[in-house]
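# One predicted model, sequence on top.
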Amino acid sequence: MKNYTDIDEYKKILVDKDIINQFEAIFKYANEAIIITDNSSVIQKINPAGIKMFGYNEYQEIENHPIEVLIPKRYHTSHIGHREKYQEHPKARSMGVNYELFGQKKDGTEFPVEVSLSPFKNENGSFVVCFVIDITNRKKAEETEKNYRHELEKEVEERTLILKEAIQKLEKTKVELDQSLKREQELNSMKTRFISIASHEFRTPLSTVLSSLSLVEKYGNLNETEKRAKHIDRIKKSIRNLTDILNDILSVNRIEEGAVVVNLDSFNLKYFVEELVSELNGILKSGQQILLKGFEDLKSNINQDPKLVRHILINLLSNAIKFSPEDKNIIIKASNFENDVTIEIIDQGIGIPEEDQKKLFTRFFRCTNAENIQGTGLGLSIVYQYLILLKGKINYTSEVKKGSTFKVTLPKNN
């Protein structure tokens, strides 16, 4: 029985020796550094891979030194605190979770590492096995990947920006095309309205001229002078209407082509308006008068384009006459200021409906309550454009069936 026990013990010794040999083989030939430290973190043993990794020639240069000899100096203080805390509750784990670890070679060169710890005990005391991997190549690969990803993101961003700019240009082009199409549609609509209005406006005075000419000839033969004079007057008014229509059309065309040139001249506004009113007396309705107020204060001259000012005032006064009933006076009131002069044309006519007022200066626009009154819808749009050229402005107030007031402001020196 004793011999049997001796044999078992011998086999056990052989098995233990074989395990030791295997461990020694792993320790010696492993590609990663294996470092064994005692409970004071003093290096007891380091394998050949570790000696090579940390740039030493012999293990004697490292053994019996604190583990900090393999760590950059800037981490020594914090590392001592970490390892002492670890010794209180040692367990197998990885080091450096959520932050980077660095080793230091003999020559002071630093390199990134991964470290795993495994504590063990034997009859000689407590120890820790440190497994250290040099991850320099992995970090380089990660950095390369990071740079590549950054370059790729940058390229994607640049391409996205180019695409965004291209889309913006397309959207801008679309908006321009839509605006161009809208302008073309508006132009076609204006052309249609113009043809309709012009044909109607020309037809009425021409018919009047033709019928009146026949009657003038008839009454001339009958020596009925009063009736003959009446129809001659009708012919004159019809010709004036035709002239006004043509002037409006020509003015619109010149404005469109940018052919309206401001020719400044010095003139007295008081005498200018008095002469203008004298000319317009011929188109007043029965019982109408044009009354002047405030012009006695206009003693000095203004420096403006008399031709454009004339066109503006004729348009506004003609409208006041046309849209006012018989026996209702039109007032033209002047106010003199240091740098400006204002002229107000006040009538007691049909007024402008509130819903029509926002379109009042639109070309070819006719108010809903003025459709049966002769006109092209061009006058106020021309007035507005001429005032822009003269650096002036126009305001108005109006109430249906009570009348309108148009206020023109002109600088004395354009």
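Perfect, thanks for sending it. Since the model is a prediction, treat every value here as computed from it, not as a measurement. Residues are numbered from 1 along each chain as shown.
# all strands of this structure, in order?
Per DSSP state E, the chain carries strands over the ranges 33-38, 43-46, 93-94, 101-104, 110-122, 125-134, 265-267, 290-293, 302-304, 330-336, 340-346, 393-399, 403-411.
# Which one of these lies nearest to residue 213?
Residue 213 sits nearest to strand 290-293 of all the strands of the chain, at 30.4 Å, using Cβ to Cβ. For the C-beta atoms, the positions are set from N, CA and C on the backbone; glycine is no exception.
# of all the strands of the chain, which lies closest to residue 314?
With Cβ to Cβ as the criterion, residue 314 lies closest to strand 340-346 of the strands of the chain, at 10.7 Å.
# what angle separates the closest one from strand 393-399?
Counting by axes from the mean of the first three to the mean of the last three Cα atoms, to 10 degrees, strand 340-346 lies at 30 degrees to strand 393-399.
# Export only the CA atoms of strand 340-346, formatted as PDB.
Once non-C-alpha atoms are left out, strand 340-346 reads as follows in PDB (Å, rounded to 0.1, in the frame of the first residue of the first chain):
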ATOM      1  CA  ASP A 340     -41.600 121.200 -50.600                       C
ATOM      2  CA  VAL A 341     -44.900 122.400 -52.000                       C
ATOM      3  CA  THR A 342     -48.100 120.400 -51.900                       C
ATOM      4  CA  ILE A 343     -51.100 120.600 -54.300                       C
ATOM      5  CA  GLU A 344     -54.400 119.000 -53.300                       C
ATOM      6  CA  ILE A 345     -57.200 118.300 -55.800                       C
ATOM      7  CA  ILE A 346     -60.500 118.000 -53.900                       C
END
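# Now do that strand, average pLDDT.
Strand 340-346 comes out with an average pLDDT of 96.
# Please work out how many residues are found near residue 398.
By other Cβ atoms under 10 Å, 20 other residues sit near residue 398.
# Span of stretch 262-269 from start to end?
In stretch 262-269, first residue to last residue: 17 Å (Cα to Cα, to the nearest Å).
# So if we follow the domain assignment, how does the protein break up?
Split into domains by automatic domain parsing, the chain comes to 31-134, 141-241, 260-411.
# For residue 381, grab the count of nearby residues.
21.
# That one: what's it in contact with?
252, 361-365 (Cβ atoms under 8 Å, 6 or more residues apart in numbering).
# before we move on, back to that, give me whichever of the domains of the chain is most buried.
Stretch with highest mean neighbour count among those: domain 260-411 (a mean of 17; mean count of other Cβ atoms under 10 Å).
# Now do the contacts for the nearest residue to residue 303 once chain neighbours are set aside.
Leaving aside its sequence neighbours, residue 303 sits nearest to residue 413 (Cβ to Cβ, 6 or more residues apart in numbering; 4.6 Å). Neighbouring residues of residue 413 by Cβ under 8 Å, 6+ apart: 302-303, 339.
# before we move on, the earlier item: tell me which of the contacts of residue 381 is nearest to residue 395?
Distance to residue 395 across the contacts of residue 381 (Cβ to Cβ) is lowest for residue 361, with 11.4 Å.
# Isn't that closest one up against residue 386?
No - with contact defined as Cβ atoms under 8 Å, residue 361 does not count as touching residue 386 (11.4 Å).
# got any residues that touch both of these two?
By Cβ under 8 Å, 6+ apart, no residue touches both residue 361 and residue 386.
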